[in-house]
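Novice: Provide a 3D model corresponding to the input given below.
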Amino acid sequence: MQQFFNSLYTNGIGLFYDRKSPLYGLYKAEIFNTTGFYTLLTALALVFVFYYIFNHALPALTHLGMYKPVHWLLVLLLVAGLGALLAYQVSMGAGAVRDPYMRYFIITNTLVAPLWFVLFSVALKWGSNHARRTPF
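Specialist: Reported below is the predicted structural model:
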């Protein structure tokens, strides 16, 4: 998994920023893997919350559901924001400095987090009878 996250973030940051940070070894050894794992779990948890809590349990209890496309987009934006926050918190916690490399790492994770959410949404819609009310 570490090799996957190293490749993902190195290539993602490379799209925006062509230099490596002096702390690239720290990013590669610790920050990329931790951030990637937490981002993956966050997206998976919010997919579960959106489809099973908001769209399955909540309508059964209150006759209200949050299954419109705008609700899905709001959760997608929440995932993106949490992705940025996770990248910042993990980087600062590991001792990275605020530099352009960290900024582009945060931007990359802000784009990766909603991508995980979309992929998990598609997988859940494809493999579940409960997720019949999805925005796509």
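Novice: and the strand or helix carrying Leu46, which residues are buried?
Specialist: Element membership of Leu46, judged by DSSP states H and E, is helix 32-48. Of all the residues in helix 32-48, those buried under the rule 16 or more other CB atoms under 10 Å are 32-36, 38-40, 42-44, 46-47. (Each C-beta comes from the backbone N, C-alpha and C, glycine too.)
Novice: how about the contacts made by the closest residue to Lys20 other than its chain neighbours?
Specialist: In space, and not counting its chain neighbours, Lys20 is closest to Tyr101: 7.1 Å by CB to CB, 6 or more residues apart in numbering. For Tyr101, the contact set (CB atoms under 8 Å, 6 or more residues apart in numbering) comprises Ile13, Tyr17, Arg19, Lys20, Ser21, Leu23, Tyr24, Tyr27.
Novice: can you put the buried residues of helix 32-48 in CSV and add pLDDT and distance to Gly81?
Specialist: Formatted as CSV, the buried residues of helix 32-48 follow (pLDDT from 0 to 100; distance: CB to CB, whole Å):
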residue, pLDDT, distance to Gly81
Phe32, 97, 20
Asn33, 96, 22
Thr34, 97, 19
Thr35, 98, 14
Gly36, 97, 17
Tyr38, 98, 14
Thr39, 98, 12
Leu40, 97, 16
Thr42, 97, 10
Ala43, 97, 12
Leu44, 96, 16
Leu46, 95, 11
Val47, 93, 16
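Novice: save the residues you listed as CSV, and put in distance to Tyr88 too.
Specialist: Compiled in CSV, the buried residues of helix 32-48 are given as follows (distance: CB to CB, whole Å):
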residue, distance to Tyr88
Phe32, 14
Asn33, 16
Thr34, 13
Thr35, 9
Gly36, 14
Tyr38, 12
Thr39, 12
Leu40, 17
Thr42, 14
Ala43, 17
Leu44, 21
Leu46, 18
Val47, 23
